Structures are given as structure tokens and as C-alpha cells.
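K.L.:
Sequence and predicted model, in that order:
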Amino acid sequence: MQFKQLFKHVFTIALFCISFVPGFAQVPGTNPPPIPGAAAPTYAPVKLDGRTLFELMGTSGLSAAERADKVNRRLLSLVSRDEPLPLFSRRDIATHSDETTILIDGDTILAVTDADAQDALTTRDDLALLWGQKMVSTVNDEYTVHANFISGAGILIRNSISDFEVSTIKWLPKLAGALVILAVFSLIGRLNLRAIMPLIERAHFDSNRRHLVRTVVYHGTWGIGLLAALSTLGLNSASLAATIGISGIVLGFGFKDILSHLFAGFMLLLGSQFHVGDQIVVKEFEGTVERIELRALYLRTYDNRLVIIPNGDVFTSAVISNTDSAFRRREFIVRISYQDNLERALSIALEAIGTVDGVAEVPTPDILVDELALTTVNLKVRFYTHSQRADYLRVGSQCMAKVKEAFESNNMWMPSDIQSLSIENLDKLVQPRTITHQGS
């Protein structure tokens, strides 16, 4: 029941965040029905040498692309002339009943219609004057660029700065809005974390699942905020979602290893095989789990080195957890000679390790005869202690020291393995030759 409440709360947060994203908040069926014959107009840019001067809409006889293409070809023909054009004025405008014609150097370049004026919220004459001035100014700039390299370079720099200023002024409000949205969603993400924490505590999740829920809630809120910010910058939400889906497929093939580590991180956090603070062995690395992230596992070795292991390697490898149980068995070998009393040695060793603080009473310690070697009897001392590495080493060391002291105080020595060499038939060994020197 607690998990269902948690899921319901996360789902409510997601819906709350999605409501901020433009385009996602519309409920199907609530949009006004389209007006018959009111199709959205299409536009085509009028360009010269890559610079967009203005955009044209289609007319009854020409599409927007055809109309703009005609103007572009006429402007190119003006650039190829031998001298710059005179300044454009109202004298270069011819007004008719249904259109206003732009004349440059006596040639008809463009006819401005009532639809163009209504779309620009101005009159035909004013729009024709504005477009004519832009075209003449741009044609003269292109003429100067081709005629004089130094002056042309200055014009290109000036136009680039001007275009940058215009685009910056155009994008500043959108950029400011996007930054405000990101700040708001960052605050919402923190509030969501505070709201979700009591439910996580009541659900009694372990540290891994708590970390996973916090990560999903916070970064999920951030992801929705990022979509909202991109929509504010002018990106269509549906197109953006489709782009993300297609890009995800492409990136999935290119970064399959990284994605496998991310999915392995989800599985490790959900599986709860080990937690932060546990002491584990992964491949040749052994240490304490310091952090579990979606991409990698952070393991602090006992000599205080940090090992970052990708989650994919952890998920596909055998992992030994030394602290999964509260107690861990420790054992070591003690040698006694064949002349010593075996029962007495077992009793002395068992009594010695029983005095060490940290040896668990259950399971009880025991001592087994491990091997009858050539010259010694090998005893295996086994006992349980706390699983943490520090206790494991400390208690083991104290037990070995106590057994050694107890044997020595009872005149029992712990001999090492002795290898003997037997030489037979010594009398048959070849005697060394005696060399005699004869005098001359």
C-alpha cells in the first residue's frame, strides 16, 4: 500500500510538471475546429549571398518559393552591373489599384500585394519602400565587396555584427524565459524531493531504492523543465519528442556500452544486492562501497584508494559481499609436534581464543585436525567475528597471539615442517684418489 501511495505521488508530480510544457498541456478534443479554406500561409526567404532580407508569401498565381526565386535571380543580375545603384526612394514605387511595384534602376523587381501589407501590419507603399531600401542597400554592399577587397571586408564585418545584434535582440526574451523556466523547475525538483522523502521513509526503502527514487524524481523534473525551456526557445514539442526518439535510436547504437552501464545501474539499485557501506569484492578489487550511481560503482579500497567500476562490469561479474551477514568465519593453522598431547592442545587453543573480545559465542568456535604432516600435526582454528574488515583482522590477530602465548606457557612448541635427508651406503662411496709426485 505504501508503494502504491509513493507511485501515485510521483505520477501526480509528473503530471504537474508536464502541465508547464507548451504543447503538452492541451487536452485532445479541446482545440477549436479548423476553419475551412483557412490554411496557414507558407513563406520563402529573399536572399542575397546567404543573407535573408525578408520573406514572401505566395500569391494566387505563384507559390512563395517561386515568387522568392524570381526576386533572388533579379537581385543577382543587379549585382553584376558595372556601377552601384542610386538610393531607393518613393519615386521608385509605382502604385496601382491592387498592388505596388518596386522599381530598381528602371527594372521591375517585385509587386507588393494587399496580403503582404496585411501580413506586415502596414500599408503597401510603406512596405514597398522598406523592402526596396533593403534590396538596394544589400546590392550595393555586394557590389563593393566584389569591387574593393578592403572596403568589402569592412562591409562584411559590419553586416555580421549587425546580424548578430539583431539575432541577439530577437533571442534575448526567449533566452530569458528559458532560463526562468529552468530556475523554476530546479526549485520544483527540490520541492519534489522534500515532498517525496516522508513517503520514502514510511515505505522503509533501503539506501539503494531511496537513491534511485530521488534520482528519478529530481532528474525527471529537470528533463521536463528542459523540454519546456526548449519549447520557449521556439522548438515544437512534438517535433522535439520525435527528434529525441530518433536520436535515442542512433545514439543507442553509438553509445551502447554507456547505455548498458545505465541500465545495469538501475538493476543494481532496484535489486539491492549490496548497499552503500557494504564491503565487497568485484573482480580483483576489494573495499567498501562508497557510492552507487547510475553509471558506475565507487569502491574505496582498504588502503584508501578509490576504484570506479562501470555498472555493466559489476552486473556481469561475480560479486562477493563480505558484510551481507553480521558475522564472518575466520580460521588459521597451528602446528604441534607428534609428541604433544592432542586433546590437551585442542583444549588450550580453544580456551585461549575464548578470552578474546570480539569472538562470537554463536556459532561456537571449534578446532579441527586439518592434516597429519611429516613432522607436525596441523590444527585448524575456526571462529566467527564481525564481518567488517577491521574487526576481522583485529580479532584474528589477537586470537593467533593468544594461542601462541598459551602454547608457550604450557611448554608446547609449534615446530615448522622439517625435511630430513638420508644418505645410505656411505662405505661404498668412492674414496678420493691420492696423487703422488715422483722425483726426477
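P.N.:
Perfect, thanks for sending it.

K.L.:
Every contact and neighbour count from this point should use C-alpha atoms.
P.N.:
Noted.

K.L.:
Quick one: residues contacting the closest residue to T95 other than its chain neighbours.
P.N.:
The spatially closest residue to T95, leaving aside those adjacent along the chain, is T101, at 6.3 Å (C-alpha to C-alpha, 6 or more residues apart in numbering). Residues in contact with T101, defined by C-alpha atoms under 8 Å, 6 or more residues apart in numbering, are 93-95, 108-112, 128.

K.L.:
hey, what's T101 bridged with?
P.N.:
A94, A111 (DSSP bridges).

K.L.:
now it: how far from T42?
P.N.:
For T101, the distance to T42 (C-alpha to C-alpha, to the nearest Å) stands at 22 Å.

K.L.:
go on, L368?
P.N.:
For L368 relative to T42 (C-alpha to C-alpha), the value is 92 Å.

K.L.:
Please name the nearest non-neighbouring residue to K174.
P.N.:
Closest to K174 by C-alpha to C-alpha, 6+ apart is L233, at 5.3 Å.

K.L.:
now S80
P.N.:
In space, S80 is closest to Y143, 7.6 Å off (C-alpha to C-alpha, 6+ apart).

K.L.:
Where does the one you found sit: helix, strand or coil?
P.N.:
Put simply, Y143 is helix when judged by DSSP: H, G, I helix; E, B strand; the rest coil.

K.L.:
Contacts only, for K134.
P.N.:
By C-alpha under 8 Å, 6+ apart, the neighbours of K134 are L53.

K.L.:
Buried residues in the helix or strand where it lies, which are they?
P.N.:
Per DSSP states H and E, K134 falls inside helix 124-147. Judged by neighbour count (16 or more other C-alpha atoms under 10 Å), helix 124-147 contains these buried residues: 124-125, 127-129, 131-133, 135-145.

K.L.:
How about stretch 98-109?
P.N.:
99-104, 109.

K.L.:
Now for these: which two are most distant?
P.N.:
Largest separation among the buried residues of stretch 98-109 by C-alpha to C-alpha: E99 and I104, giving 16.3 Å.

K.L.:
picking up where we left off before, could you identify the most distant pair in the contacts of T101?
P.N.:
Greatest spacing in the contacts of T101, by C-alpha to C-alpha: T95 and I109 (13.8 Å).

K.L.:
re earlier: so what's the residue nearest to S80 up against?
P.N.:
Per C-alpha under 8 Å, 6+ apart, neighbours of Y143: 79-80, 83-84.

K.L.:
I'd say the residue nearest to K174 and L172 touch.
P.N.:
No: using C-alpha atoms under 8 Å, L233 is not in contact with L172, being 9.7 Å away.

K.L.:
Give me the more crowded residue out of the two.
P.N.:
Ranked by neighbour count (other C-alpha atoms under 10 Å), L233 and L172 place L233 first, with 17 against 12.

K.L.:
what about the helices in the stretch 201-350 of the chain?
P.N.:
All helices of the stretch 201-350 of the chain, identified by DSSP state H, counting those that start in this stretch, fall at 207-232, 237-254, 256-271, 311-315, 342-354.

K.L.:
least reliable of the ones you listed going by mean pLDDT?
P.N.:
Among the helices of the stretch 201-350 of the chain, helix 237-254 carries the lowest mean pLDDT, a mean of 58.

K.L.:
any idea of the mean pLDDT for whichever strand or helix holds K174?
P.N.:
For K174, the host element (DSSP H and E) is helix 149-203. Regarding helix 149-203, the rounded mean pLDDT is 73.

K.L.:
which residues does the closest residue to R382 other than its chain neighbours contact?
P.N.:
Distances taken as C-alpha to C-alpha, 6+ apart place E331 nearest to R382, at 4.4 Å, with adjacent residues excluded. Residues in contact with E331 (C-alpha under 8 Å, 6+ apart) are 380-383, 396.

K.L.:
Can you say which of those residues are buried?
P.N.:
380-383, 396.

K.L.:
Which one of these is nearest to L53?
P.N.:
Scanning these for proximity to L53, where the rule is C-alpha to C-alpha, the winner is G396, at 84.5 Å.

K.L.:
start to end distance for stretch 266-286?
P.N.:
22 Å.

K.L.:
now what about that stretch, what contacts it?
P.N.:
Residues from elsewhere that reach stretch 266-286, judged by C-alpha under 8 Å, 6+ apart: 206-209, 211-212, 287-292, 294, 299, 301-302, 307, 311, 314-315, 317-324, 388-389.

K.L.:
ok, now stretch 386-404?
P.N.:
Here stretch 386-404 has contacts from 279, 322-323, 325-328, 330-332, 348-349, 352-353, 356-360, 385, using C-alpha under 8 Å, 6+ apart.

K.L.:
Let me see the mean pLDDT of that stretch.
P.N.:
Rounded mean pLDDT across stretch 386-404 is 93.

K.L.:
That stretch: how far from the chain's middle?
P.N.:
42 Å (C-alpha atoms, centre = their mean, to the nearest Å).

K.L.:
Please spell out which residues along it are buried.
P.N.:
Buried residues in stretch 386-404, counted by 16+ other C-alpha under 10 Å: 386-388, 392, 395-396, 398-400, 402-404.

K.L.:
what's the answer for stretch 176-195, then?
P.N.:
177-179, 181-182, 185-186, 188-189, 192-193.
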